[in-house]
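Novice: The following comprises the amino acid sequence and a computationally predicted model.
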Amino acid sequence: MTKHYFSNSPEATVDELRPLTLDVRGIHLDMVLSDAVFSSHKLDLGTKALLLEAPEPPETGTFLDLGCGWGPIGVTLGKLSPKATVWAVDINQRALDLTRKNAGRNHVKIHTELADKAFEKASSDGIKFDLIWSNPPIRIGKPALQEMLTKWLGLLSDEGEAWLVVARNLGADSLIKWLSEQGWQAEKAHSKKGYRIIRVCR
């Protein structure tokens with residue numbers, strides 16, 4: 001699993017694409033997946049829980065899909081809020097390629113970029129995010145996860161919200177506690193099939 005998180009060009013048969021159709025929040029999505037990204041055969045349960053339980057996004061604003069994978073979150077945000085500006089970032093170039101492909105297949109516009117470059121651009125341009133949805137890569141380890149969240153949550157707008165999904169048995173409750181200790185308002189908003197849906201704001 002580590003290759004999905006740490007490699008820009010993971011070793012896999014990247015040309016073999018598998019189609020997947022999804023119905024999310026009344027929206028039909030026509031997607032493709034590959035072995036080079038996380039959850040390469042289906043929509044993972046955590047992301048599904050987030051997509052079902054997070055509140056309706058605003059009609060407009062600047063949104064972020066943090067750790068986009070093949071794009072189910074970003075594409076869904078683009079379909080739900082077509083007037084919004086949606087960013088999708090990942091460290092895996094193949095994930096970004098698939099997100100772009102899936103955005104095109106579903107007629108939504110998404111700004112995709114490698115995470116480090118996107119963070120540098122957002123920071124230098126003074127871009128703030130009104131909404132962040134993420135199934136964060138918990139298995140990269142606590143220090144790396146905390147560093148990632150500290151960086152990106154710091155780009156929330158004053159009224160912005162982040163909605164995260166984390167498995168209960170992978171430390172969701174301790175993550176809520178840590179976020180609160182860093183000065184964020186963090187709370188468990190929902191529980192669904194072993195996952196916590198966490199709301200974070202200033």
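Specialist: It's in.
Novice: Need the contact partners of the helix or strand hosting residue 148.
Specialist: Take DSSP states H and E as the rule and residue 148 turns out to sit in helix 142-153. Residues outside helix 142-153 that contact it (Cβ atoms under 8 Å, 6 or more residues apart in numbering): 64, 66, 119, 129, 132, 136-138, 140, 162, 171, 175, 178-179, 182, 184, 200. C-betas here are computed from N, CA, C, even on glycine.
Novice: Could you identify the buried members of those?
Specialist: Among these, those buried by neighbour count (16 or more other Cβ atoms under 10 Å) are 64, 66, 119, 129, 132, 136-138, 140, 162, 171, 175, 178-179, 184, 200.
Novice: Nearest to residue 110 among the residues you listed?
Specialist: residue 64 (10.6 Å; Cβ to Cβ).
Novice: does the closest one sit in a helix or strand, and which one?
Specialist: strand 62-66.
Novice: Give the next helix or strand downstream of that strand.
Specialist: Downstream of strand 62-66, the next assigned helix or strand under DSSP H and E is helix 72-80.
Novice: what inclination does that following helix have with respect to strand 62-66?
Specialist: Angle, helix 72-80 to strand 62-66, by axes from the mean of the first three to the mean of the last three Cα atoms, to 10 degrees: 160 degrees.
Novice: Whatever helix or strand comes next after helix 72-80: how far from the chain's middle?
Specialist: The element immediately downstream of helix 72-80 (helix or strand, assigned by DSSP H and E) is strand 85-90. Chain-centre distance of strand 85-90: 8 Å, with Cα atoms, centre = their mean, to the nearest Å.
Novice: residue ranges of the helices in this structure, please?
Specialist: Along the chain, counting by DSSP state H, helices occupy 2-6, 45-53, 72-80, 93-105, 115-125, 142-153, 172-181.
Novice: ok, and for the fourth one, which residues are buried?
Specialist: If I follow you right, that is helix 93-105. 93-103.
Novice: Kindly calculate the angle that it makes with strand 85-90.
Specialist: 150 degrees.
Novice: what's in contact with helix 93-105?
Specialist: 4, 8-10, 12, 14, 29-34, 36-38, 65, 68-72, 74-75, 78, 88-90, 109-110, 112-114.
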